[in-house]
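[1] no sequence for this one, just the structure:
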């Protein structure tokens with residue numbers, strides 16, 4: 001083996017060791033980042049769950065409030081219709097409910 005061949009062989013071996021070392025460093029770094037991301041997710045999970053539950057509870061309260069308002073509106077409508085029927089003839093009350101105009105005759 002000539003000196004040039006020996007130097008080239010030694011250079012290739014050095015390059016291969018360097019590449020292998022860098023690959024090991026990259027694997028360690030990727031493992032570290034994976035563990036870091038996993039830990040962050042575990043730490044953030046209670047916050048995310050609490051936030052989601054709070055939002056869900058707010059929506060439930062809002063839906064119940066809307067149901068109550070709808071029920072109250074229906075009651076008021078019935079009272080108004082009953083009052084119209086007591087004060088006016090049925091035909092006039094019916095026309096008013098339909099949004100038609102009623103003329104004095």
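    Yep, it's here. The structure presented is a predicted model; accordingly, all values stated were derived computationally and were not measured.
[2] Which other helices and strands does the host helix or strand of residue 36 contact?
    Following DSSP states H and E, one finds residue 36 within helix 3-87. Applying 3 or more Cβ pairs under 8 Å, 6 or more residues apart in numbering; DSSP states H and E, one finds that helix 3-87 contacts helix 90-98. C-betas here are computed from N, CA, C, even on glycine.
[3] counting contacts, what elements does the helix it packs on pack onto?
    By 3+ Cβ pairs under 8 Å, 6+ apart, helix 90-98 packs against helix 3-87.
[4] what's the angle from the helix it packs on to helix 90-98?
    Calculated by axes from the mean of the first three to the mean of the last three Cα atoms, to 10 degrees, helix 3-87 forms an angle of 160 degrees with helix 90-98.
[5] residues making contact with stretch 83-95?
    The contact list for stretch 83-95 (Cβ atoms under 8 Å, 6 or more residues apart in numbering) reads 81, 96-97, 101-102.
[6] Reformat those residues as a markdown table; add distance to residue 73.
    As requested, the contacts of stretch 83-95 are exported to a markdown table (distance: Cβ to Cβ, whole Å):
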| residue | distance to residue 73 |
| --- | --- |
| 81 | 13 |
| 96 | 18 |
| 97 | 15 |
| 101 | 25 |
| 102 | 24 |
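[7] Quick check: the farthest pair among those?
    Within the contacts of stretch 83-95, 81 and 101 form the most distant pair, 18.4 Å apart (Cβ to Cβ).
[8] of those two, who's got more company?
    residue 81 (13 against 6; other Cβ atoms under 10 Å).
[9] For residue 70, see how far away the more buried one is.
    17 Å (Cβ to Cβ, to the nearest Å).
[10] Contacts only, for the most centrally placed residue in the chain.
    Residue closest to the average C-alpha location in the chain (Cα atoms, centre = their mean): residue 52, at 8.0 Å. The contact partners of residue 52, by Cβ under 8 Å, 6+ apart, come to none.
[11] ok, it to residue 59 distance?
    Distance, residue 52 to residue 59, using Cβ to Cβ: 11 Å.
[12] Also residue 72?
    Taking Cβ to Cβ, one finds residue 72 at 20 Å from residue 59.
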